[in-house]
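Chemist: I would like to see how this sequence folds:
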Amino acid sequence: MHQCTALESSLSRLAPAALLLALLASPALAADEADAPRGAAVTVLTAAKACFPDIVEVSGIIIAREETMVRPERPGLKVSEILAEAGDTVTAGQTLARLTLPEGGTAQVQAPVAGLILASTATIGAVASAKGEALFSIIARSEFDLVGLVPVEDIGKIQAGQTARIKIPGAGEVDGKVRRIAPTIEPNSQLGQAFIGITTNRRLLVNSSGRAMIKTGQNCDNASVPLTAVLYTDAGTVVQVVRRDRVETRSVEVGLMSGGQLEIRKGLSEGDVVVARAGALLREGDPVRAVTASAEGK
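Modeler: The predicted model follows:
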């Protein structure tokens, strides 16, 4: 009985000593555990290169590309019947009005081209002639242009044939294509004119406003991040990078935007690990535990 008690006493004295020897044998492990960050978990992603369309915005008004004036071929005729009004879409050769001849009988006024009647001055009993005011004004082939003003620094980017998306209040978005650029710049405003042809079956209103987004090219050289990864502060625009399990705040220069992604022109490289949702609660040097966006979604 006494022998067992003595043995247990000896073992209890040996246990702390053995534990101390184990710790001394692994100093690197102990140091790593002491220095390991124990910060909050943050969702991160890897910055990658992406292509962004280079867009020039042009604001202006809608005009008729070509107006055709309709008059009778001889003078001294009176309007006896009106068969079309402003806003009507007509075909080439369609009768727009009937006129009474001085000697009796009637004559017809027909549309020389298909299109949309922009305006009409025809009034029953009014006298019409070949040299007087036009009875009808037709937007030939119902073709419209957006005439927009372009800053001089963007004029060189725009060329005939480039495609555009045009937003028109009340008509939504329609397709367009640059037809031509005016050869002169207004000296005071330093703005030039761009004529953008509109392709649509919708009825547009002349002189209504519109804004064209012209694609002049694309840039695929820089890294991109989601809009949520960019933080706008009093000191400028920043992105929070995770490096060695700690937050590193980077000042960046942003560029183009497309589909919720933002081009980073300076301050960030492809492969950098970025906080997906930047926030003011994270500070320079804060320890964090990075969780990739794909792993978080599992």
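Chemist: any regions of this structure where pLDDT drops low?
Modeler: Across the chain, the stretches falling below the confidence threshold (pLDDT under 70) are 1-38, 294-298.
Chemist: domain map for it?
Modeler: For the chain, automatic domain parsing gives the domain ranges 40-52+220-296, 55-64+142-219, 67-140.
Chemist: and the ones you listed as JSON lines, adding mean neighbour count?
Modeler: Where C-beta positions appear, they are placed from N, C-alpha and C, glycine not excepted. Supplementary listing: these in JSON lines, determined by neighbours: other Cβ atoms under 10 Å:
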{"stretch": "domain 40-52+220-296", "mean neighbour count": "16"}
{"stretch": "domain 55-64+142-219", "mean neighbour count": "16"}
{"stretch": "domain 67-140", "mean neighbour count": "16"}
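Chemist: so Ala160 touches Val178, yeah?
Modeler: Yes: the pair Ala160 and Val178 passes the contact test of Cβ atoms under 8 Å, sitting 5.4 Å apart.
Chemist: how far does stretch 263-278 stretch from start to finish?
Modeler: Here the two ends of stretch 263-278 are set 16 Å apart, with distance taken as Cα to Cα, to the nearest Å.
Chemist: with adjacent residues omitted, what lies nearest to the residue nearest the centre of the chain?
Modeler: Centroid check for the chain by Cα atoms, centre = their mean gives Ser258 as the closest residue, at 6.6 Å. For Ser258, ignoring the flanking residues on the chain, the nearest one in space by Cβ to Cβ, 6 or more residues apart in numbering is Phe52 at 5.1 Å.
Chemist: got the contact list for that neighbour?
Modeler: By Cβ atoms under 8 Å, 6 or more residues apart in numbering, the contact set of Phe52 is 218-220, 222, 224, 255-258, 261, 263.
Chemist: likewise for Thr184?
Modeler: Residues in contact with Thr184 (Cβ under 8 Å, 6+ apart) are Gly192.
Chemist: how about the contacts of Phe52 in TSV, adding distance to Leu96 and secondary structure?
Modeler: Formatted as TSV, the entries for the contacts of Phe52 read as follows, by distance: Cβ to Cβ, whole Å; DSSP: H, G, I helix; E, B strand; the rest coil:
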residue	distance to Leu96	secondary structure
Gln218	48	strand
Asn219	52	strand
Cys220	54	coil
Asn222	58	coil
Ser224	57	strand
Gly255	54	strand
Leu256	50	strand
Met257	50	strand
Ser258	48	strand
Gln261	53	strand
Glu263	54	strand
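Chemist: farthest-separated two in those residues?
Modeler: When the contacts of Phe52 are compared pair by pair using Cβ to Cβ, the farthest-apart members prove to be Cys220 and Met257, with a separation of 14.9 Å.
Chemist: residues contacting the closest residue to Thr106 other than its chain neighbours?
Modeler: Taking Cβ to Cβ, 6+ apart as the measure, Thr106 lies nearest to Arg98, with 5.1 Å between them; neighbours along the chain are not counted. Going by Cβ under 8 Å, 6+ apart, Arg98 touches 79-81, 83, 106-109.
Chemist: what's the distance between Arg98 and Thr123?
Modeler: Arg98 sits at a distance of 13 Å from Thr123 (criterion: Cβ to Cβ, to the nearest Å).
Chemist: what touches both of those two?
Modeler: Common neighbours of Arg98 and Thr123, using Cβ under 8 Å, 6+ apart, are Val79.
Chemist: Thr68 bridge partners, please.
Modeler: Residues in a beta bridge with Thr68, per DSSP bridges, are Ile138.
Chemist: quick one: contacts for it?
Modeler: Taking Cβ under 8 Å, 6+ apart as the definition of contact, the neighbours of Thr68 are 112-113, 115, 137-138, 140.
Chemist: swap the cut-off to 6 Å and go again
Modeler: Contacts of Thr68 were listed using Cβ atoms under 6 Å, 6 or more residues apart in numbering, and they are 112-113, 138, 140.
Chemist: and what of Gly255?
Modeler: Going by Cβ under 6 Å, 6+ apart, the list of residues near Gly255 reads 263, 265.
Chemist: just want to check the distance between it and Ile117.
Modeler: Between Gly255 and Ile117 the computed distance is 47 Å (Cβ to Cβ).
Chemist: what do you get for Gly104?
Modeler: Remark: distance between Gly104 and Ile117 (Cβ to Cβ) = 29 Å.
Chemist: all strands for the stretch 101-250 of the chain, in order.
Modeler: Taking DSSP state E, counting those that start in this stretch to define them, one finds strands in the stretch 101-250 of the chain at 106-110, 115-120, 127-128, 136-140, 144-151, 163-168, 172-186, 191-199, 209-219, 223-226, 230-233, 236-243, 246-251.
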